[in-house]
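Undergrad: This is a predicted model, with the sequence first.
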Amino acid sequence: MSDQQQPPQHQNKQPGDEHAMRPAPEYIRESYRGAEKLLDKVAIITGGDSGIGRAVAVHYAREGADSVIVHLKETKDAEETKRLVEAEGRRCLVLKGDVAAPAFCREIVKRTLSHFGKINMVIHNAAEQYDWDDITEIPDEQLMRTFQTNIFSHFYLTKAALPHLSEGDTIIATSSINAFKGNDTLIDYTATKGAIQGLVRSLAMSLMDRGIRVNAVAPGPIWTPLIPASFEEDKVAEFGNQVPMKRPGQPSEIGPAYVYLASEESSYMSGQTLHLNGGVILNT
């Protein structure tokens, strides 16, 4: 991958629009060859319209899976992801709504079952983050919103989907490098990612006897719409410089990890986290 940095840019909305980013993120490498690892399986992917979620959907499609793309309000990005999945010869259902609402999470499961008849993978990927220098500046409403989106949604959607999952099915969460090293300006976001780690480990133990595996991916700085939507232009221009590889990662470098965790190749792994972070060494 190129180590060229992205130009300064900012978007005044969460979680951001991929079609407005320059350069556009890479969602899959041309060299990636599918091997039917997920043939005819069905995945629910929250935050599936762009960034890591889009990469997961397209990689899954290339491996033979259909997807339900859940997004908040980024209709243009979601429709592009649907087009990309269908270009791989697979089906894609797009659902618009707020995963912070328990009723909508139940609706996701209901409509997935109506459309595809089953659920095999639940990918918790939707998130939002805000950049604050001082914890006393974090508004109460934003604090609640960050937890509702980033961790409560995992409980809501898992509770709704779990009765329809069987042995061999998987749940995968998107954690963050920040859960392991901390972040002085993404305090509430980082706290939710730490909570995800606790949920993954506990849920993996709870579901072990049912043969349902639960794992996480902890990305480092990845070039997704959340970045220009979260930071001012100067921070965006320097984004990724803090890791040993001196660049942000691309969603295309993260997607294959979700393939591995959803496939039988990872059948001896549950309650674990894959760290894709540009070479940062963590004491995990």
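TA: Structure received.
Undergrad: tally of neighbours for G271?
TA: Neighbour count for G271, taken as other CB atoms under 10 Å: 18. The C-beta positions use only the backbone N, C-alpha and C, and glycine is treated the same way.
Undergrad: Quick check: I69 is in a strand.
TA: Yes. Assessed with DSSP: H, G, I helix; E, B strand; the rest coil, I69 lies in a strand.
Undergrad: Could you find the closest non-adjacent residue to it?
TA: Leaving aside its sequence neighbours, I69 sits nearest to G48 (CB to CB, 6 or more residues apart in numbering; 3.6 Å).
Undergrad: how near is the one you found to A57?
TA: Separation of G48 from A57 (CB to CB, to the nearest Å): 5 Å.
Undergrad: returning to that earlier point: regarding the residue nearest to I69, what is its secondary structure?
TA: Per three-state DSSP, the secondary structure class of G48 is coil.
Undergrad: show me what contacts it?
TA: Counting by CB atoms under 8 Å, 6 or more residues apart in numbering, G48 touches R54, V56, A57, S67, V68, I69, V70, H71, A78, T81, I123, N125.
Undergrad: In CSV: those residues, plus neighbour count and pLDDT.
TA: Putting the contacts of G48 into CSV (neighbours: other CB atoms under 10 Å; pLDDT from 0 to 100) gives the following:
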residue, neighbour count, pLDDT
R54, 31, 97
V56, 34, 98
A57, 34, 98
S67, 29, 98
V68, 26, 98
I69, 27, 98
V70, 30, 98
H71, 26, 97
A78, 25, 96
T81, 29, 97
I123, 29, 99
N125, 24, 97
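Undergrad: Just give me the neighbour total for N150.
TA: N150 has 26 neighbours, counted by other CB under 10 Å.
Undergrad: Give the closest residue to it in space, chain neighbours not counted.
TA: Excluding its sequence neighbours, the residue lying closest to N150 (CB to CB, 6+ apart) is T192, at 3.6 Å.
Undergrad: Find the helix or strand that the one you found is a member of.
TA: If you go by DSSP states H and E, T192 is part of helix 187-207.
Undergrad: Likewise for S176?
TA: Counting by DSSP H and E, S176 is part of no helix or strand.
Undergrad: Tell me who's in contact with it.
TA: Residues counted as contacts of S176 (CB under 8 Å, 6+ apart) are Y189, T190, K193, A218, P219.
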